[in-house]
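1. What would the 3D arrangement of this be:
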Amino acid sequence: MGIYEELQARGLIAQVTDEKEIRELINSGGARFYIGFDPTADSLHVGHFMALCLMKRLQMAGNKPVVLLGGGTGYIGDPSGRTDMRSMMTPETIEHNCECFKKQIERFIEFGEDKAIAVNNADWLLKLNYIDLLREVGAHFSVNNMLRAECYKQRMEKGLSFLEFNYMIMQSYDFLYLHEHYGCNMQFGGDDQWSNMLGGTELIRRKTGDDAYAMTITLLLNSEGKKMGKTAKGAVWLDPNKTSPFEFYQYWRNVDDADVMKCIRMLTFIPLETIEEMEKWDDSRINEKKEILAWELTRLVHGQEEADKARAVAASLFSGGESADMPTTELEAAEVPEGGISLIELLVRCSLCPSRSDARRQIQQGGVTVDGEKADSIEITVSADALREGVVIRKGKKAYRKAVLK
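-> Have a look, this model is predicted:
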């Protein structure tokens, strides 16, 4: 089985421009492909995870990745999948985020001579002359066709800025530049990028006469059709300082039963033969599947030591024990009033609830325990003395946090 057939079997391929050519190209290790990452935050998140895994799979099959950091396109903001305009970032923020991305990507992709390279489109986009761009690139784009693109259609009712309208041209120009300067012959991206990617292949054909190809990856959706990778706290980040390895492990440990095998197939590197055997397991082994999924993905992102530690902590907590490696929130003395801190406030401070109203509701519904005792009142306060010893708070069955006073 070639890498193309494996990607198909894992359900990763959404759309391709030229199936026969792409199949031959990546199966032979002849693809010089790129995936772009716009620096919208200082960490990658689960939404980027499939792209990173795809790069790793293709590199393992002998293809050459080009990591494109969007230091230039980050000035504009991709309207794809958005209902509003992205916040504009300062040049300093964009540069910082690009550096953070590169360090995280190095955990997945092997860089070096004749291996992967990283480039930043700020190096060419920020030097463009507007009149030259209009004449040399803009002349090849039909506004009518652009407005039919899904990424623009969904924004037209609420308003699409001219700034964002240029994004497709910028991304297409990236592909042309990478083709001419680095020999890129393929672009991969999320399925919501399809229109932008077609713009690039067409621009290359018009400007150079060469063939270039595009393939989109299936978006990671749950059984309800919603994007995965979000919690009550927000995105599930790959940076351990934003989402701890334990929290990352727990996210995957708690996915819906209906999504487990799909995630194992699409995201892990477990051989397909093994996955096919797992699909035959009895329903009573669903938790075993979830633990395998959580451990495999935590190992990929944070390393085996952290994956082992997260699994051990989870096993200890859910068997009624306690662990020294439990996720902990440290409170400053100034944060705890003399009479103690309310449990409602503590739930929010520990990121177990997104708001005070949610914390109040969780307590009223009997879903909160403090050191193993069910919280039976929204008036409960936790003293400074108790916090010096450390207080274990649990929301529901699977969300734990130790609160301690520094």
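2. And the helices in the stretch 201-350 of the chain, which stretches?
-> For the stretch 201-350 of the chain, the helices defined by DSSP state H, counting those that start in this stretch occupy 245-253, 260-267, 272-278, 286-302, 304-318, 343-349.
3. Quick one: these as TSV, columns for distance to T216, mean neighbour count and mean pLDDT too.
-> For the C-beta atoms, the positions are set from N, CA and C on the backbone; glycine is no exception. Listed next are these as TSV, based on distance: least, C-beta to C-beta, whole Å; neighbours: other C-beta atoms under 10 Å; pLDDT from 0 to 100:
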stretch	distance to T216	mean neighbour count	mean pLDDT
helix 245-253	24	23	89
helix 260-267	14	20	95
helix 272-278	21	12	96
helix 286-302	22	19	95
helix 304-318	30	17	85
helix 343-349	39	22	88
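4. Indicate which one of those helices is closest to T328.
-> Among the helices of the stretch 201-350 of the chain, the nearest to T328 by C-beta to C-beta is helix 245-253 (10.0 Å).
5. tell me the domain ranges of the chain?
-> 3-217, 230-318, 328-405 (automatic domain parsing).
6. For stretch 51-65, which outside residues touch it?
-> Defining contact as C-beta atoms under 8 Å, 6 or more residues apart in numbering, one finds that stretch 51-65 is touched by 2-3, 6-7, 12, 26-35, 37, 44, 67, 105, 108-110, 114-117, 188-190, 217, 267, 269, 300.
7. State the distance from the closest residue to L25 other than its chain neighbours to Q187.
-> Take L25 and drop its neighbours on the chain: the residue closest to it by C-beta to C-beta, 6 or more residues apart in numbering is A31, 4.9 Å away. For A31, the distance to Q187 equals 10 Å [C-beta to C-beta, to the nearest Å].
8. Comparing those two, which residue is more hemmed in?
-> The neighbour count for A31 versus Q187, taken as other C-beta atoms under 10 Å, is higher for Q187 (30 against 25).
9. How is the more buried one assigned, secondary-structure-wise?
-> Taken by DSSP: H, G, I helix; E, B strand; the rest coil, the conformation at Q187 corresponds to strand.
10. pLDDT at it, what is it?
-> pLDDT recorded at Q187 is 96.
11. For it, list the residues it contacts.
-> F33, Y34, I35, G36, F175, M197, G200, T201, A212, Y213, A214, M215.
12. about what we covered before: mark which of the contacts of stretch 51-65 are part of helices, please.
-> I3, E6, L7, I26, N27, I105, L267, L300 (DSSP state H).
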